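In: can't give you the sequence, but here's the structure:
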């Protein structure tokens, strides 16, 4: 992995818990270090799909435990609460990441960058 001036080749794993690094950034660093970018991004996509599968399994389990069905539609409330809390956690994460990036410790993700050299076929 090539590093620029002032950059370190060391991965700061503790930065994840401080909303400093996203999992895509970590996967990119690992892919650059080991040279398997496509494999690492595929693993990241697989993790997202497993999370989606798991959340649907949990929602179904909650609905079953609450006795949800046509005769008891109130049983779906636990599933709705689950997705509401999950959405609230996601919104909170986004707002904290946005706050961090907008502050003095941001990584410049909000700044548009233009490459100085024109790409082939774009001129």
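Out: That came in fine, so what should we check first? Bear in mind that the values here come from a model prediction, so they are computed numbers and not experimental data. Numbers count the residues shown, from 1 in each chain.
In: helices of this protein, residue ranges please.
Out: Assigned by DSSP state H, the chain shows helices spanning 23-34, 37-65, 77-102.
In: and the longest one, what's buried?
Out: Spelled out, it's helix 37-65. For helix 37-65, the neighbour count (16 or more other C-beta atoms under 10 Å) marks 40, 44, 59, 62, 63 as buried. (Glycine included, C-beta is placed from N, CA and C.)
In: quick one: which of the helices of the chain is nearest residue 108?
Out: Closest approach to residue 108 among these (C-beta to C-beta): helix 77-102, 8.1 Å.
In: so for the closest one, what's the average pLDDT?
Out: Mean pLDDT, helix 77-102: 92.
In: compute the inter-axis angle for it and helix 37-65.
Out: Going by axes from the mean of the first three to the mean of the last three C-alpha atoms, to 10 degrees, helix 77-102 is angled at 150 degrees with respect to helix 37-65.
In: tell me what helix 77-102 is packed against?
Out: The helices and strands touching helix 77-102, judged by 3 or more C-beta pairs under 8 Å, 6 or more residues apart in numbering; DSSP states H and E, are helix 37-65.
In: hang on, the earlier thing: can you redo the helices of the chain as JSON lines with distance to residue 71?
Out: What follows is those, written out as JSON lines (distance: least, C-beta to C-beta, whole Å):
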{"stretch": "helix 23-34", "distance to residue 71": "42"}
{"stretch": "helix 37-65", "distance to residue 71": "13"}
{"stretch": "helix 77-102", "distance to residue 71": "15"}
